[in-house]
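**Q** my questions are about this predicted structure, shown below with the sequence.
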Amino acid sequence: MFSVLRKMLYQSEAEKFSYLKLVAGILLLLVVGFKLIRDFNAIVDISFDDEVQYMKYGMDMFDTIRTDWGPSYNLWYKFLSFFEKDAIQLYLLNFKVLVLLFPLSVFVFLYSYRFSFILSFWIAFSLLISTTNILTYPRISHFTVCLLLWALTINRLFITSKPKQYIVVLFAVYVGAFARPELMLSVMILSCVFYLCLNKEI
């Protein structure tokens, strides 16, 4: 049974990781995603909740830095503000970018870790059109998950050294902790685990 599941979920031995398939999957998701967000400016309401506060503190950087309001997420807003100065349009831009970035990150992560192309694409597509992706506020959790997924993907595709992989993951979790403070416990645990692993290797 496990062998059957493995064949269904993972890439076969004969099937190698393909950057062509990776790019094709990304492009397909982008086509669907751009169609999905095309009319968002007309249908998305701006809710005056935490998300607006994150945006405000991001736009105010670096004159004022609010360390108690997700500074790494504020920094993300600051980055987006270089492309869009108007506050309402910036809010919508962040919404649309994260609606696309979250399922794209999931697809790249799954396929790079040898899940089958069909399964990786289907999960990402399902996330793209789901209410979890579209209606969840604030968007800070989407941002943090994307950050962690890209760290793991970079490790898989481009880094072979274990110490460097540990550093990349720890850095991503540390940055994420300044968006979601509960991750600081994970930083401490991972630091201890990585330290013990590195000592064993040495």
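**A** Here it is on my side, so go on. Numbering: from 1, shown residues only.
**Q** centroid-nearest residue for the protein?
**A** Closest residue to the average C-alpha location of the chain: Cys146 at 0.8 Å, with Cα atoms, centre = their mean.
**Q** which stretch of helix or strand covers that residue?
**A** Taking DSSP states H and E as the criterion, the element that holds Cys146 is helix 140-158.
**Q** got a list of what Trp69 touches?
**A** Taking Cβ atoms under 8 Å, 6 or more residues apart in numbering as the contact definition, Trp69 lies against Gln53, Tyr54, Tyr57. Every C-beta, even on glycine, is put in place using the N, C-alpha and C of the backbone.
**Q** skip the chain neighbours and tell me the closest residue to the residue nearest to the centre of the chain.
**A** Setting aside the residues directly before and after it, Cys146 is nearest to Ser105 in space (Cβ to Cβ, 6 or more residues apart in numbering), at 4.5 Å.
**Q** tell me which strands and helices the helix or strand hosting that neighbour is in contact with?
**A** Here Ser105 sits within helix 87-112, counting by DSSP H and E. Based on contacts counted as 3 or more Cβ pairs under 8 Å, 6 or more residues apart in numbering; DSSP states H and E, the elements that helix 87-112 packs against are helix 19-37, helix 40-43, helix 50-60, helix 71-81, helix 117-129, helix 131-134, helix 140-158.
**Q** quick revisit: out of the contacts of Trp69, which are buried?
**A** For these, burial is judged from neighbour counts taken by 16 or more other Cβ atoms under 10 Å, and it is met by Tyr54, Tyr57.
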